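Novice: fold the following, please.
(chains A and B)
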There are 2 protein chains.
Amino acid sequence: MEILDKLIWPKGFSSDGLHANLRHNPDKPDLGWIVSDVAADAAGVFTLNQFPAAPVVLTQATVKKSQKLQAVIVNSANANSFTGQQGYENALSEQEIVAKKLGIKPDLVAVSSTGIIGEQLPMAKMMTGIAQLQKSQGTQIAQAIMTTDTKEKVAALQFGKATMTGMAKGSGMIHPNMGTMLSFICTDASIDGQLLQKLLRELTEITFNQITIDGDTSTNDMLLVLANGQSQEAEILAGSPEYDEFKEALYLLMKDLAIKIAEDGEGASKLVTANVSGSGDNLQARMIAKKIVGSNLVKAAAFGEDPNWGRVIDAIGNAGVDLQAGQIALAINQVPVIDQGEIVAENLPALEAAVKSKKIVFDVSAGRGLGKGQAWGSDLTYDYVKINAMYRT
Amino acid sequence: MEILDKLIWPKGFSSDGLHANLRHNPDKPDLGWIVSDVAADAAGVFTLNQFPAAPVVLTQATVKKSQKLQAVIVNSANANSFTGQQGYENALSEQEIVAKKLGIKPDLVAVSSTGIIGEQLPMAKMMTGIAQLQKSQGTQIAQAIMTTDTKEKVAALQFGKATMTGMAKGSGMIHPNMGTMLSFICTDASIDGQLLQKLLRELTEITFNQITIDGDTSTNDMLLVLANGQSQEAEILAGSPEYDEFKEALYLLMKDLAIKIAEDGEGASKLVTANVSGSGDNLQARMIAKKIVGSNLVKAAAFGEDPNWGRVIDAIGNAGVDLQAGQIALAINQVPVIDQGEIVAENLPALEAAVKSKKIVFDVSAGRGLGKGQAWGSDLTYDYVKINAMYRT
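Specialist: The predicted model follows:
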C-alpha cells in the first residue's frame, strides 16, 4: 500500500474550511467540517488530561452513545478548554447548529477545538462561519485545524475498492496519552463501530502515542475515525483477510500522520526516530524509544548536531525499564556507537558526519528479549523557545 | 535558623580544590576533596537511572557497608559513566589512592564524578591531582564540582553548638529521582548513620527530588551527608528535641541548596516555584507541583513573560492526580487567576505585570484535601538550547 501525501475524499464524504474571523490572519481558515452522506460507524480516542476541554467531553460521550458519526465540526484559534459550564453549553450549541443545518440528529455530530486555553468560543462568529460551510471536495479543512503547524499534515491510501484519507494537526503540547492531538480519518470501507474502536485503541498505542514534541498532553487531544461503508464492499469482519488489510491501511495512515506531526514539531529542524529492539516486551521497547525522543538533552544535541551519545544512554537508563549496561547496543544513523555496553571508538569520526543529517535515527538493542518499538520526536531549537515564549503575547 | 550563603567548615572537616587538567580552562578547579579528622557517620542517596556511573555504584556500596565515611573525592569534566569494567576499576583505584594518602581504609572514601558520559577518567592526571590535595579550610571544592553551573551553590547554618554546611552542583540533566545531582553536606553534630540515612531519604523527597531543570535524571546523581560528631555534643537520638532541631537544620539546608540549583538551571533567567495545597495527600501535591515546574510550555511562557496560565492548567491536568476543574484555584505571583475553576477576568492586567518578575510563583489549591507540596524549576530559554546544543562540540 502506498501512502499519498494528499487528501482524497472516500466515497460519500465531503468537507470544507473557511476563515471565520477566529484568528487575525484573514488568509488562514480557522473553521471546517467533514460530512458523510450517511451515518458512519465511528471510533475515537481522547486525551487523558484530567481537565478535558468541553468539545472532548461532549464528543467522547457522543461517540460512546452509538459509535456513529455523520459530521465533524472543528475550529482552531480557540480550544474551548477550561471554560466551565458556559464552555460546555457552547459546545452543545455548536453541535445542535451543525445538526440542524445538515438535518441530522445532534448525536451524529462530533465537535472539536484547538487553540488558546481558557477563552470562551466567540459563538456569533462560529454561527456565521457554520452557516457558510459547504459540502465540497476541497482540502481547506486540513488548514483550518492548524495552529502553530507550519504545514498541512494529510495522507491517503487505497486498499481493495476502498479509500482511506486522514489529516492531523499538532505542533506543540504534543505528548499523546491514549488520545492524541487532532486527527480525523475517513474511509468508505464498512466496519462495525465497536470493532473499529478496539482496533483504533490498539493502533494508537504504536503510532500517535509514540510521538512527543514537548512532553505536554493537551486538554484537547482527539482522534476520530469514520467509516461510512459507501465503497459498497461487504462489511469487514474480525479475523478476515479484509480485516488484516484494513488494519494495515489504518496503521500505515496513522503512523504516517504521527510522523508528520513529529517532523513538524514546534520549531523543529530535524525528525528524531528511535527504534528499539531486544527489550523484554513491546511495551518496554516503546517506553525506551519514547524516553529517547522525549529527552530535552537528546533533542538539543540533535539540533546542535552534537554526537553526544551519552545523553541517549542516560535517557535509556531513565525509561523505567530493567536493563544492563553490558547488554546495550546503540547505532546512530547506522553508525554503531555502543556494542555490548562498550564504546566502538573507531566509529566516532563517522558519527560526527552522521548527526548532520536532517533525520536522526537511534537504533537501540537492549539484549533482553524480543520486544520491539518505535517513537518519533523533533529536535529542541531556538525556534521552539521563541514560539512558546511568544505564543500568546 | 538563618542560612548563610557560604561554606563554614564544621569542626574536624577540611577541604581542597584545584585544577588537575581535566578541563581546558586552567582557572577552573576540577578536582577536590572533603576530609574529616575522624570517621563520620554517613548517609547517601543515589540516582535511580538504570545505568549508574561507576563512582555511584562504588560509593553506594561503600556507604551501605558501614554507614561511615571519612573522605569524599570528587571531580568534574568527566562523569566516569558508561565506562564499563575499566571505569569501575578506575573508581576503585581512585578510592585506594585517596585512602593511602590519608592513611585510612578505602571503604571510608566516597568517590564522585560529574561531566561527560562515556569517556574513561584520565588516571595519570587524577593521580597527580590527588597527590597535590591539601587539608585546608578553603572553598575551592564548591567550584571544583561545577560543570555548566554559573555560580557556586553553598550554604551553612548553626544549630546549638553544631554547624552544618553544604554544597551542590547541578545545572542540566536535573530531574532527581530519589537521589540527586551532586551534593555534599557536612556537620559536626553526632548522629547514628542508620538514623541519618532514614532522615536523608525523607527529606530528599521534599527538597532535591522536587526540583527539575529538564526532566533528565543523570547517571551520576549523588547526595552525601557526613556527621563527624566533633562538636562534642551528645549523640542526637530519634524523637528528642535535638533530633527535631537537626532535622529542621538539614531540611533548611537541603531546600536552600535545591532551590539554588533550580535558580541556576542551564540557561535560566527565572526561578519558577509551584506551591500546591488542597490535594488528597502530600505526594499528590508534590506530583502536581513538579509537573508544573517541569512543563516545557510553562517554562517557555515564563521566559517569554507570557501570562499563558492555560499551560499551567494543562500541566496540572497531566500530573496523574484525580482532580476536578471546578475545584481548582490558581494565583501567579499572588494575583488570583482561577477561582473554583472560573477565570478571575478582572485580574488579567495585574497578571501581565506579575509575570515580569525574576521569580515566578504558582500557588495552586486543588480543593480536595490537606495535602501540601512544593517544587522548583527554571525557565526554558534560548541559552538552555544553546548550552545543550553546543555542550560537547
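Novice: hey, where'd the helices end up in the stretch 151-300 of chain A?
Specialist: Using DSSP state H, counting those that start in this stretch, the helices of the stretch 151-300 of chain A run over residues A:193-206, A:241-263, A:282-294, A:296-303.
Novice: as JSON lines, these with mean neighbour count, mean pLDDT and distance to chain B would be great.
Specialist: C-beta coordinates here come from the backbone N, C-alpha and C atoms, glycine included. Shown next, in JSON lines, are those (neighbours: other C-beta atoms under 10 Å in any protein chain shown; pLDDT from 0 to 100; distance: least, C-beta to the nearest C-beta, whole Å):
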{"stretch": "helix A:193-206", "mean neighbour count": "18", "mean pLDDT": "94", "distance to chain B": "17"}
{"stretch": "helix A:241-263", "mean neighbour count": "20", "mean pLDDT": "92", "distance to chain B": "15"}
{"stretch": "helix A:282-294", "mean neighbour count": "24", "mean pLDDT": "95", "distance to chain B": "8"}
{"stretch": "helix A:296-303", "mean neighbour count": "28", "mean pLDDT": "92", "distance to chain B": "3"}
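Novice: residue A:384 and residue A:303, how far apart?
Specialist: Applying C-beta to C-beta, to the nearest Å, the value for residue A:384 to residue A:303 is 9 Å.
Novice: any common contacting residues for those two?
Specialist: Counting by C-beta atoms under 8 Å, 6 or more residues apart in numbering or on different chains, the residues touching both residue A:384 and residue A:303 are residue B:385.
Novice: with adjacent residues omitted, what lies nearest to residue A:152?
Specialist: residue A:142 (4.1 Å; C-beta to C-beta, 6 or more residues apart in numbering or on different chains).
Novice: before we move on, the earlier item: Throw the helices of the stretch 151-300 of chain A into a markdown table and include distance to residue B:131, thanks.
Specialist: Listed next are the helices of the stretch 151-300 of chain A as a markdown table, based on distance: least, C-beta to C-beta, whole Å:
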| stretch | distance to residue B:131 |
| --- | --- |
| helix A:193-206 | 56 |
| helix A:241-263 | 52 |
| helix A:282-294 | 41 |
| helix A:296-303 | 35 |
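Novice: to residue B:3, which of the ones you listed lies closest?
Specialist: helix A:296-303 (30.4 Å; C-beta to C-beta).
Novice: what is the closest one packed up against?
Specialist: On a contact count with 3 or more C-beta pairs under 8 Å, 6 or more residues apart in numbering or on different chains; DSSP states H and E, helix A:296-303 meets strand A:271-279, helix A:310-317, helix B:382-389.
Novice: could you measure from residue A:368 over to residue A:14?
Specialist: Relative to residue A:14, and taking C-beta to C-beta, residue A:368 is found at 50 Å.
Novice: now do the contacts for residue A:183.
Specialist: Counting by C-beta under 8 Å, 6+ apart, residue A:183 has contacts A:166, A:167, A:168, A:169, A:170, A:208, A:222, A:223, A:224, A:254, A:257.
Novice: in strands only, show me those residues.
Specialist: A:166, A:167, A:168, A:169, A:222, A:223, A:224 (DSSP state E).
Novice: re earlier: wait, which of the contacts of residue A:183 is closest to residue B:64?
Specialist: So of the contacts of residue A:183, ranked by how close each gets to residue B:64 (C-beta to C-beta), first place is residue A:208, at 43.9 Å.
Novice: tell me how far that closest one lies from chain B.
Specialist: Distance, residue A:208 to chain B, by C-beta to the nearest C-beta, to the nearest Å: 16 Å.
Novice: what does residue A:304 give?
Specialist: 3 Å.
Novice: send me stretch A:54-71 as CSV with only the CA atoms.
Specialist: Provided in CSV are the C-alpha atoms of stretch A:54-71 (Å, rounded to 0.1, in the frame of the first residue of the first chain):
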residue,chain,number,x,y,z
ALA,A,54,-15.6,20.9,26.6
PRO,A,55,-15.6,19.5,23.0
VAL,A,56,-13.6,16.4,24.2
VAL,A,57,-16.1,15.7,27.0
LEU,A,58,-19.1,16.2,24.6
THR,A,59,-17.6,14.2,21.6
GLN,A,60,-16.4,11.4,23.8
ALA,A,61,-20.0,11.0,25.1
THR,A,62,-21.4,11.3,21.6
VAL,A,63,-19.2,8.6,20.1
LYS,A,64,-19.8,6.3,23.0
LYS,A,65,-23.6,6.6,22.6
SER,A,66,-23.9,4.7,19.3
GLN,A,67,-20.4,4.5,17.8
LYS,A,68,-21.9,6.5,14.9
LEU,A,69,-21.0,9.9,13.5
GLN,A,70,-22.0,11.8,10.4
ALA,A,71,-20.2,15.1,10.8
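Novice: quick one: buried residues of that stretch?
Specialist: Neighbour counts over stretch A:54-71 (16 or more other C-beta atoms under 10 Å in any protein chain shown) mark A:54-60, A:62-63, A:67-71 as buried.
Novice: equivalent analysis for stretch A:90-98, please.
Specialist: Under 16+ other C-beta under 10 Å, the buried positions of stretch A:90-98 are A:90, A:91, A:93, A:94, A:95, A:97, A:98.
Novice: go on, stretch A:160-169?
Specialist: Buried, per 16+ other C-beta under 10 Å, within stretch A:160-169: A:162, A:163, A:164, A:165, A:166, A:167, A:168, A:169.
Novice: for the second one, which non-adjacent residue is spatially closest?
Specialist: If I follow you right, that is residue A:163. residue A:10 (4.0 Å).
Novice: who's in contact with residue A:133?
Specialist: Residue A:133 neighbours (C-beta under 8 Å, 6+ apart): A:16, A:18, A:31, A:32, A:33, A:101.
Novice: what's the local residue count around the closest residue to residue A:315 other than its chain neighbours?
Specialist: Closest residue to residue A:315 apart from its sequence neighbours, by C-beta to C-beta, 6+ apart: residue A:295 at 4.1 Å. As a burial measure, residue A:295 scores 28 neighbours (other C-beta atoms under 10 Å in any protein chain shown).
Novice: residue A:350 too?
Specialist: For residue A:350, using other C-beta under 10 Å, the count is 16.
Novice: pLDDT weak spots in the stretch 51-200 of chain A?
Specialist: A:174, A:176-180 (pLDDT under 70).
Novice: quick check: residues of it near chain B?
Specialist: A:51, A:79, A:81, A:82, A:84, A:116, A:117, A:118, A:172, A:173, A:177 (C-beta under 8 Å from any C-beta of the partner chain).
Novice: dump those residues into JSON lines; add neighbour count, distance to residue A:322 and secondary structure as well.
Specialist: Shown next, in JSON lines, are these (neighbours: other C-beta atoms under 10 Å in any protein chain shown; distance: C-beta to C-beta, whole Å; DSSP: H, G, I helix; E, B strand; the rest coil):
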{"residue": "A:51", "neighbour count": "22", "distance to residue A:322": "34", "secondary structure": "coil"}
{"residue": "A:79", "neighbour count": "29", "distance to residue A:322": "39", "secondary structure": "coil"}
{"residue": "A:81", "neighbour count": "29", "distance to residue A:322": "38", "secondary structure": "coil"}
{"residue": "A:82", "neighbour count": "26", "distance to residue A:322": "39", "secondary structure": "coil"}
{"residue": "A:84", "neighbour count": "16", "distance to residue A:322": "44", "secondary structure": "helix"}
{"residue": "A:116", "neighbour count": "19", "distance to residue A:322": "42", "secondary structure": "strand"}
{"residue": "A:117", "neighbour count": "25", "distance to residue A:322": "38", "secondary structure": "coil"}
{"residue": "A:118", "neighbour count": "22", "distance to residue A:322": "42", "secondary structure": "coil"}
{"residue": "A:172", "neighbour count": "24", "distance to residue A:322": "33", "secondary structure": "coil"}
{"residue": "A:173", "neighbour count": "31", "distance to residue A:322": "31", "secondary structure": "coil"}
{"residue": "A:177", "neighbour count": "19", "distance to residue A:322": "23", "secondary structure": "coil"}
